[in-house]
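Novice: Show me how the following folds:
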Amino acid sequence: MDLGFGQTLGGIMQTAFVVEDLRASIDHFVRDCRAGPFFVLEHFLAPDQCYRGEPSRADVTIAMGFAGHMQIELIQPLDDNPSVYRETIDRRGYGFHHFGIACADVDADLGRYQACGYQLAFRAAVPTGGAVAYLEGGDVAAPAFLELLPATPAMNEHFTRFWRASRAWDGRDPVRPFL
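Specialist: Sure, this is the predicted structure:
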């Protein structure tokens with residue numbers, strides 16, 4: 001299945017970074033990488049987050065934009081609550097965090113990844129429907145987490161809108177609302 005933003009299910013469609021200052025990071029990607037515009041969700045605090053088997057109350061601001069067909073996600077933690085984001089900062093500092101893979105059925109793909117040695121580190125509902133799952137491990141040392149993203153109609157509509165905005169973007173209005 002092709003997604004509206006030039007990607008197919010099952011492959012890497014997103015690279016994500018945990019950042020200290022979201023606005024400065026957006027400026028970097030716009031100025032130095034010609035990516036954008038970025039669509040910002042000021043608070044992503046899902047009520048049913050589960051981090052390493054425990055309920056989590058971590059709050060983050062996220063921004064998503066495109067460079068060609070690759071979606072770039074920027075994630076700024078807003079608190080010190082335990083999370084996959086805070087864990088990465090504590091272990092390695094700010095920077096690359098995960099690859100995102102769009103899935104028709106996150107639960108089915110989660111089972112396949114777990115059968116290959118991956119472990120679930122985080123799960124949370126997302127505003128576009130379904131829930132994401134962050135995985136680590138596998139048979140080899142992965143450089144970061146893998147995020148399984150539910151390819152819902154709402155996700156496809158939002159991401160396609162973001163991608164289309166990037167195709168004809170003239171550099172104006174680099175920060176826009178997510179919803």
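Novice: ok, and the closest non-adjacent residue to Asp109?
Specialist: Nearest-residue entry for Asp109: Cys103, 4.5 Å, with adjacent residues in sequence omitted and distances by C-beta to C-beta, 6 or more residues apart in numbering. (Glycine included, C-beta is placed from N, CA and C.)
Novice: what's the neighbour count on that neighbour?
Specialist: Cys103 has 22 neighbours, counted by other C-beta atoms under 10 Å.
Novice: Compute the distance between it and Met13, please.
Specialist: 10 Å (C-beta to C-beta, to the nearest Å).
Novice: Need the overlap of contacts for the two.
Specialist: Here Cys103 and Met13 share the contacting residues Leu149, scored by C-beta atoms under 8 Å, 6 or more residues apart in numbering.
Novice: Tabulate the CA atom coordinates of stretch 9-19 in CSV.
Specialist: The C-alpha trace of stretch 9-19 is given here as CSV (Å, rounded to 0.1, in the frame of the first residue of the first chain):
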residue,chain,number,x,y,z
LEU,A,9,4.1,0.5,4.4
GLY,A,10,6.9,-1.3,6.2
GLY,A,11,9.8,0.9,5.3
ILE,A,12,11.5,3.8,7.1
MET,A,13,9.4,6.9,6.5
GLN,A,14,10.6,9.0,9.4
THR,A,15,13.8,10.0,11.1
ALA,A,16,13.4,11.5,14.6
PHE,A,17,15.5,13.6,16.9
VAL,A,18,15.2,14.5,20.5
VAL,A,19,16.1,18.2,20.9
